[in-house]
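Novice: what's the 3D shape of this:
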Amino acid sequence: MGEDIQYSREPGHGILESDCYRAAQNYDIHPQYYPDTEMLGEHGILKSLLGTSPRSPKWEHVVCDLCGNDDPTLWLEKDGFHYVRCLRCGLVYVTPRLRDHLLQQDNFYKIVTAGNLEAAAERDQNPRRMKSLIQVARSYLTYKRIGALLDVGCGFGAFLEAAKSVGWKAYGVEVAIGPANIAARRHDVFHSCLSDAPYEPNSFDVVRLNNVIEHVLSPRALVCDVRRVLRPGGLLAISTPNVESFTAALQGMGWRYVQGGHHIYLFGLKTLGKLLEAEGFKLVRVSTPGIRLIDRNGSRETRPFFLRKPTGRAVKWAERTLDLAARIALKGHRLRIRAEKAA
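Specialist: Numbering: from 1, shown residues only. Prediction:
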């Protein structure tokens, strides 16, 4: 792919326009659990797509979703995908990207669950995870006015269960039919994307996007749709990989989120903050927990050379030691933002 496309290499940033437009006519959401690109290739899902030219109808070129600029600089290339950085606003995204990369969600679930969705759904609601999710759902109660919460990309419905247990009327949106059907056994789940959902304007106190915004075709369109259904003063809670993290800088192409088949946007505080503020949201809380010196699912050969020999125990000790520094510098592994819709 790389020899057909030219990118500028000059750094630069600019101001994000505040108008709300749809850079894509539609967007979709990937599931919260997905295999890496190598695994997808082994099972043939991406293999046939990656063997084509970027000028093929299977690929599409896109401009920056935040500012509309079309003069990016190449950030890195992996597995045939180009990650570029916008020279105007700094957004990192994939272009060209798979035109139909969002049509494989059910296949993704089948692979990572070995075809056993029921067992995966049960593991998804293990006691330790549910305890953590309940704490999160409880932390949203200060925003409870209408009493309704929406989880976009709800998967098997674990968070819906947690929210319901602390008094929320919990609703979910999920595009993968298998997980949506399982979640719908106990909860009100809409099987499609948020733009198609029949929710009235200003009908939710809280909207949650956990591991979602990096997968959609137009993050800006998604945020616009969230703003429509969220009441004035309501809370938007986002969690996404942090491209500005120490982990991303250290691991480079080995960072687990550099998977252009489905992580088509990578945000940092600067870019996600610009997007939210431009669309009428006020940031009220930002945290970046965690640091990962190595990808525990990868081989030692993919690690930085100075981390190939240390044992797992030594690496974990180092991560715990550096975690506080990463949090203070806002360079942690995860980017978590809470933002309020303007009243």
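
Novice: Please count neighbours and contacts with C-alpha atoms only from this point.
Specialist: Fine.

Novice: so where's the chain shaky on pLDDT?
Specialist: Along the chain, the parts satisfying pLDDT under 70 run over 1-57, 100-108, 110-112, 294-312, 315.

Novice: longest helix anywhere in it?
Specialist: If you go by DSSP state H, the chain has its longest helix at helix 312-328.

Novice: Phi, psi for Thr240 please.
Specialist: For Thr240, the backbone dihedrals are phi -150, psi 160 (criterion: degrees, to the nearest 10).

Novice: got the contact list for it?
Specialist: By C-alpha atoms under 8 Å, 6 or more residues apart in numbering, the residues touching Thr240 are 210-214, 267, 334-336.

Novice: give me the beta-bridge partners of it?
Specialist: Leu335 (DSSP bridges).

Novice: Mind listing what's buried along stretch 335-343?
Specialist: 335-341 (16 or more other C-alpha atoms under 10 Å).

Novice: Run through who's touching that stretch.
Specialist: 227, 230-242, 268-269, 276, 280-289.

Novice: where do the strands sit along the chain?
Specialist: 59-60, 72-78, 81-86, 92-94, 97-98, 148-152, 169-173, 188-190, 204-210, 230-241, 265-266, 281-287, 334-341 (DSSP state E).

Novice: could I get those as TSV with distance to Gly252?
Specialist: As requested, these are exported to TSV (distance: least, C-alpha to C-alpha, whole Å):
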stretch	distance to Gly252
strand 59-60	24
strand 72-78	8
strand 81-86	12
strand 92-94	13
strand 97-98	20
strand 148-152	29
strand 169-173	33
strand 188-190	37
strand 204-210	23
strand 230-241	13
strand 265-266	13
strand 281-287	22
strand 334-341	16
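
Novice: Would you tell me which of those gets closest to Arg128?
Specialist: With C-alpha to C-alpha as the criterion, Arg128 lies closest to strand 204-210 of the strands of the chain, at 18.0 Å.

Novice: Please enumerate the helices of this structure.
Specialist: Secondary structure of the chain (DSSP H): helices located at 37-42, 47-50, 105-112, 117-124, 127-139, 158-165, 177-183, 219-229, 246-251, 269-278, 312-328.

Novice: still on that earlier bit, from the contacts of Thr240, pick the one nearest Cys64.
Specialist: Phe267 (12.5 Å).

Novice: and the closest one, how many neighbours?
Specialist: Residues near Phe267, counting by other C-alpha atoms under 10 Å, number 20.

Novice: Any idea what it is bridged to?
Specialist: Under the criterion used (DSSP bridges), Phe267 bridges to Asn242.

Novice: what's the neighbour count on the residue nearest to Tyr93 when sequence neighbours are not counted?
Specialist: Nearest residue to Tyr93 in three dimensions, chain neighbours excluded: Tyr265, at 4.3 Å (C-alpha to C-alpha, 6 or more residues apart in numbering). Neighbourhood size, Tyr265 [other C-alpha under 10 Å]: 28.

Novice: Relative to Ser218, how far out is Tyr265?
Specialist: According to C-alpha to C-alpha, to the nearest Å, Tyr265 and Ser218 sit 9 Å apart.

Novice: Same question for Arg313.
Specialist: Using C-alpha to C-alpha, Arg313 is found at 40 Å from Ser218.

Novice: do Leu272 as well
Specialist: Leu272 is 13 Å from Ser218, by C-alpha to C-alpha.

Novice: same question, Asp323
Specialist: 32 Å.

Novice: contacting residues for Leu269?
Specialist: 242, 244, 335.

Novice: what's the closest of these to Leu150?
Specialist: Nearest member of the contacts of Leu269 to Leu150, counting by C-alpha to C-alpha, is Leu335, at 19.9 Å.

Novice: Next one: that closest one from Glu244, what distance?
Specialist: From Leu335 to Glu244 the distance is 9 Å (C-alpha to C-alpha).

Novice: Quickly list what's touching both of these two.
Specialist: By C-alpha under 8 Å, 6+ apart, the residues touching both Leu335 and Glu244 are 268-269.
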